[in-house]
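*Asks:* Mind folding the following:
(one chain, ligands or ions: 1)
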Amino acid sequence: MQPYSLVIHGGAGTIIKEDMTPELERAYINGLQDALNAGYAVLEEGGTATNAVKASIVVLEDNLLFNAGRGSVFTKKGVQEMDAAIMDGSDLHAGAVTGVRNVRNPIELAAEVMHNSNHVFLSGKGANDFAIKQGIKLEPDEFFFSQFRYDQWKALRDSDNYSLDHTHQGLEELMKDKKLGTVGAVACDKQGNIAAATSTGGMTNKKYGRIGDSPMIGAGTYANNKTCAISCTGHGEVFIRAVAAHDVSSLMEYKGLSLAEAMHEVVQVKLVQMEGEGGMIGIDAKGNVSMQFNSAGMYRGMRNSAGENFVGIYKD
Ligand code: ASP
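*Replies:* Okay, here's the model as predicted:
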C-alpha cells in the first residue's frame, strides 16, 4: 500500500517552555491535533493531498491561537491583511492570495484561484472581488478581533518596528504566553500525490502592503511530486531571498539529496548564514516527512498510515 501522511505547523520562533502555562500549552496541542485529524480524515477516505492540506489549514485559520485567518495579527494601520497559498505537486498548479481582508478562510480563496481562475496570484481588492464572485465566506472586522493581537500591535504601532509573531524583540512581557503563528500543512495521499499550503496574517505592524514568503510560490510554499512539498514559517524577507521552499526541491532534484538532508541544508546552513530565523515542514511522494527549525521552537505535528502521531512545540 502507498503510505500516506500529513504534517502541519503553527509557526516558529522564540517559543520557550518557561513562558508557557500548562493551560495554554494544552490549548496549542489540542489545536494542532484537531487540525491533524481533519486533514488525516481526508487522506484516510481516499481524498486528495490538496484537499487534506486545505482541511487542516481551515481548522488552524479558525483557531484564534494561530496567526492566520481569524487570529491574524494587526498591520500598521490596525487592520488584518492575510496571505495564503496552495500548490498541487501532481500537476504543479498553484493558487495564492495576498493582502485579503474579511475572508474567513484565505486558504479556500487560494484554492479557488488554483481551481477556478486562469491565474496564480491575486492581491488586495482584486482578490477580495474574486472571493465575492466565487461565493467565498466573508466575516465582519469584529470576527477577526482579539485583545492580545491588539495589544501586541499597540506596543509597536508608533514605531517602525515589525515583529515575527513568536519573537520577543523587547516585548517579553507583552508576548509572554502569546507566541502564536503562521500555519502550514503538507500531505501525501493514497495515490502518492503531494501538496503544500500556507496561511498567515504576516508580521505585526507590517506596512506599505508588505508581503512575506508564505503566499509566494517557491519561497514559503512549494510542491512537486518529483521531489517534495514544503511549507515554511519564519522571517519572511529572508525566506524570500533564500527561495527557501524551492531550494529544498532543487537540492533533491539536482543533487540527489533526501528530503531530510535537503531541508537540513536550507534550514540549518543557508538560512542560519543569512540570519533567517524559522523552520519548515516537508514531505515526499513516498510519504517520508521532516520538520526542521533553527528557532527555539516550532508548533508542529505529523500523522501517518503507519500509525505514528506526534505533536510538539519545543526543541526536544
Ligand atoms: N513567514 C511569515 C511572514 O513573513 C511569518 C511567520 O511565519 O510567522 O509573513
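
*Asks:* hey, where'd the strands end up in the stretch 151-300 of the chain?
*Replies:* 183-188, 194-200, 221-223, 229-234, 278-283, 289-293, 297-304 (DSSP state E, counting those that start in this stretch).

*Asks:* Quick one, which of these gets closest to residue 139.
*Replies:* strand 194-200 (14.9 Å; C-beta to C-beta). Every C-beta, even on glycine, is put in place using the N, C-alpha and C of the backbone.

*Asks:* Specify the angle between the closest one and strand 278-283 in degrees.
*Replies:* Strand 194-200 runs at 150 degrees relative to strand 278-283, counting by axes from the mean of the first three to the mean of the last three C-alpha atoms, to 10 degrees.

*Asks:* Parallel or antiparallel, which strands does strand 194-200 pair with?
*Replies:* Strand 194-200 has the following sheet partners, assigned by DSSP bridges: strand 82-88 (antiparallel), strand 183-188 (antiparallel).

*Asks:* Relative to residue 209, which of those strands is closest?
*Replies:* strand 82-88 (10.9 Å).

*Asks:* ok, back up a step: can you redo the strands of the stretch 151-300 of the chain as CSV with mean pLDDT and distance to the ligand?
*Replies:* Formatted as CSV, these follow (pLDDT from 0 to 100; distance: least, C-beta to the nearest ligand atom, whole Å):
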stretch, mean pLDDT, distance to the ligand
strand 183-188, 98, 8
strand 194-200, 98, 5
strand 221-223, 99, 10
strand 229-234, 97, 4
strand 278-283, 97, 6
strand 289-293, 98, 11
strand 297-304, 96, 10
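
*Asks:* Turn the strands paired with strand 194-200 into CSV, including distance to residue 276.
*Replies:* Putting the strands paired with strand 194-200 into CSV (distance: least, C-beta to C-beta, whole Å) gives the following:
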stretch, distance to residue 276
strand 82-88, 18
strand 183-188, 16
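
*Asks:* Deepest in the core, which of those strands is it.
*Replies:* Per-stretch averages of neighbours, counted by mean count of other C-beta atoms under 10 Å, single out strand 183-188 among the strands paired with strand 194-200, with a mean of 35.

*Asks:* tilt between that strand and strand 297-304?
*Replies:* Going by the same axes, to 10 degrees, strand 183-188 makes 30 degrees with strand 297-304.

*Asks:* where does this protein have low pLDDT?
*Replies:* 159-180, 205 (pLDDT under 70).

*Asks:* Could you pick out the residues of it near the ligand for me?
*Replies:* 11, 67, 164-165, 181-182, 200, 202-203, 212-214, 220, 233-234, 236 (C-beta under 6 Å from any ligand atom).

*Asks:* which of the residues you listed has the most neighbours?
*Replies:* With neighbours taken as other C-beta atoms under 10 Å, the top of those is residue 182, carrying 37 neighbours.

*Asks:* What residues does that residue make contact with?
*Replies:* Residue 182 makes contact with 9-11, 66-68, 165, 198-201, 214, 233, according to C-beta atoms under 8 Å, 6 or more residues apart in numbering.
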